[in-house]
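Enquirer: Test case, fold it:
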Amino acid sequence: MPFDSVMTRTRWLPPLLLIAAGALQTLTFSPFHWWWLGPPAILLILLASLQADPRNLFRAGWLMGIGLFGSGASWVYISISVYGNTSAPIALLLTAAFVAGLAVFPALTFWAWGKLAGPHPVRRLILFPALWILGDWVRGWLLTGFPWLYLGTAHVDGPLAGYAPVFGVFALTFLVVASGVALYGLIWLLSRQRRVAAAVLAAPLLLAWLAGPLLAKVNWTERQPEPITVAAMQGNIPQQIKWDPEFLIEQIHIYLGLSAEDWNRDLLLWPETAIPLPQDRAAPIFERILDELGPDSTLITGIPWHGFSERLEDFTYHNSIMALGQGDGFYHKRKLVPFGEYVPMEQWLRGLIGFFDLPMSSFTRGPAQQSPLRVRDKRVMPFVCYEIAYPDFVATNARHTDLLITISNDGWFGHSLGPLQHQQIARMRALETGRFLLRGTNNGITAIIDDRGQVTDTIPQFTRGTLRGEVYLVKGNTPYMQAGSWPILTLAAILIVFVRERELRKDNI
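Expert: Now for the predicted structure:
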């Protein structure tokens, strides 16, 4: 193809295209919502890397990752510098290391792509979507995981949304990447005047995109006839005073004041660590809340938990969420954020810089098996902050529950893309599970999200207020909740097994 020769002759162009392709992916997510840029971004990657050998493919994947995570995840700088009491040069260095480290995941994915597919371009094209989603999947759990910036997430507002409750976000990503591969194939075929072959290739691609809106009309779960009334309080507490003991009473009064008109609602929600005091020291606060709550009302709030853990055989802290009033239960966060909630290798890192000594960065992950919270006779599955980003974790734990709740404090990331992306991820989890999701945050974005992943009401960021509305309890499980990501991951594995280059075929390629 003409552009292949251009790539070969112009050494600076492929690296530039790879970085640009990574940045284009960021534009598919909130707040831009340009989901249609996904396939063109994949096309650029293929133009720049399809003919490279495995060693150069590692570099190609890394450059693409630099573009993606440098544009889409560098908001961690705010938490390191502004709230981590770290100098700007050190914060920049740590942010660069974070981005460069994340970029290793696509680098290894591209390297494996070259090794498994060999030099044959058709084999490479077929295997590219399979290797891509396997790379995303590994990134979602290895070293606690970073399940962020999956291309499929952008399609909570796109025409592929109908596939989410059936196959999950990885399947949407697979379709987006396969569409980029098909675009490359169409250009190649049309450049050789192979119009019939191009039509044959375009037909399944067009069918897949047209089927999405049809699938979106299917109701996989069933809303209960009567809604429940809810209220979520957004305190907008400045991060600088969040853990200052001098402001403890003031923070509690803020949330009590925000709740003053809503104590009789079915469910009230306060955000992550809204009570900045361990539960074993918060009895007076609980008594005040119980005095105010209506006879049929439940308050769910984030709160640190301190006590003796039989599992750990020691005293420990958990980042937790609890129910009061006509509800009960504790849930201890399982997916902890490195450096924010625990410090890896803390015996060496504690005290080096302020970022390694953040308040409440000594939490312990909760046990694997935990029951949902109870709100009267209903089962409510809570997720704390970062946990909502894990698709299979959410789908598994949401089974046989009536409502999803997530609480967060995205104040760590200021006026950046991070909180907006976090909201979009939560919407995808609601869509995958076919459940309403009530989201409570300290400074935004507090929202009610319906069972189609659409926001029905919200409070703007960086404002103090109360979000009032209704949510429907839901019965039934979506196909994705039953099978998880295994069908699409199995398809990827099958493609690799049957399409990969075999030693005996090398001489014939």
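Enquirer: all contacts plus neighbour counts: C-alpha atoms, from now on.
Expert: Fine.
Enquirer: in stretch 112-132, what's buried?
Expert: 112-119, 123-132 (16 or more other C-alpha atoms under 10 Å).
Enquirer: likewise stretch 45-63?
Expert: For stretch 45-63, by 16+ other C-alpha under 10 Å, it's 45-54, 56-63.
Enquirer: Same check on stretch 375-383?
Expert: Val375, Arg376, Arg379, Val380, Met381, Pro382, Phe383.
Enquirer: still on that earlier bit, just the buried residues of stretch 112-132: which are in strands?
Expert: For those, not one is inside strands, with DSSP state E as the criterion.
Enquirer: Which members of those occur in helices, if any?
Expert: Among the buried residues of stretch 112-132, DSSP state H puts 112-117, 123-132 in helices.
Enquirer: is it possible to export the buried residues of stretch 375-383 to a markdown table including pLDDT?
Expert: Listed next are the buried residues of stretch 375-383 as a markdown table, based on pLDDT from 0 to 100:
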| residue | pLDDT |
| --- | --- |
| Val375 | 96 |
| Arg376 | 93 |
| Arg379 | 97 |
| Val380 | 98 |
| Met381 | 98 |
| Pro382 | 98 |
| Phe383 | 98 |
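Enquirer: of all these, which two lie farthest apart?
Expert: Pairwise distances across those peak at 18.9 Å for Arg376 and Phe383 (criterion: C-alpha to C-alpha).
Enquirer: list the contacts for Val455?
Expert: Contacts for Val455 (C-alpha atoms under 8 Å, 6 or more residues apart in numbering) come out as Arg427, Ala447, Ile448, Ile449.
Enquirer: could you pull out the helices for the stretch 401-509 of the chain?
Expert: 417-433, 479-483, 486-499 (DSSP state H, counting those that start in this stretch).
Enquirer: again, but for the stretch 1-150 of the chain
Expert: 2-9, 13-26, 38-49, 54-72, 76-81, 88-117, 121-139.
Enquirer: a markdown table for these, including mean pLDDT?
Expert: Formatted as a markdown table, the helices of the stretch 1-150 of the chain follow (pLDDT from 0 to 100):
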| stretch | mean pLDDT |
| --- | --- |
| helix 2-9 | 55 |
| helix 13-26 | 97 |
| helix 38-49 | 97 |
| helix 54-72 | 97 |
| helix 76-81 | 90 |
| helix 88-117 | 96 |
| helix 121-139 | 97 |
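Enquirer: got CSV for those helices, with distance to Arg311 too?
Expert: CSV is the format used below for the helices of the stretch 1-150 of the chain (distance: least, C-alpha to C-alpha, whole Å):
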stretch, distance to Arg311
helix 2-9, 58
helix 13-26, 41
helix 38-49, 45
helix 54-72, 37
helix 76-81, 32
helix 88-117, 32
helix 121-139, 28
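Enquirer: coming back round to it: and which of the buried residues of stretch 375-383 is nearest to Trp34?
Expert: Once C-alpha to C-alpha is applied, the member of the buried residues of stretch 375-383 that ends up nearest Trp34 is Phe383, at 27.9 Å.
Enquirer: secondary structure element for that closest one?
Expert: strand 378-384 (DSSP states H and E).
Enquirer: Need the residues that contact the following helix or strand past that strand.
Expert: Note on strand 378-384: by DSSP H and E, the next helix or strand toward the C-terminus is helix 391-397. Applying C-alpha under 8 Å, 6+ apart, the contact partners of helix 391-397 are 168-169, 381, 383, 387-388, 429, 432-433, 480-482, 484-485.
Enquirer: swap the cut-off to 6 Å and go again
Expert: Met481, Gly484 (C-alpha atoms under 6 Å, 6 or more residues apart in numbering).
Enquirer: Tell me which residues of that helix come out buried.
Expert: Applying 16+ other C-alpha under 10 Å to helix 391-397 flags Pro391, Asp392, Phe393, Val394, Ala395, Asn397 as buried.
Enquirer: Redo those residues as CSV? Include pLDDT.
Expert: Formatted as CSV, the buried residues of helix 391-397 follow (pLDDT from 0 to 100):
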residue, pLDDT
Pro391, 98
Asp392, 98
Phe393, 98
Val394, 98
Ala395, 98
Asn397, 97
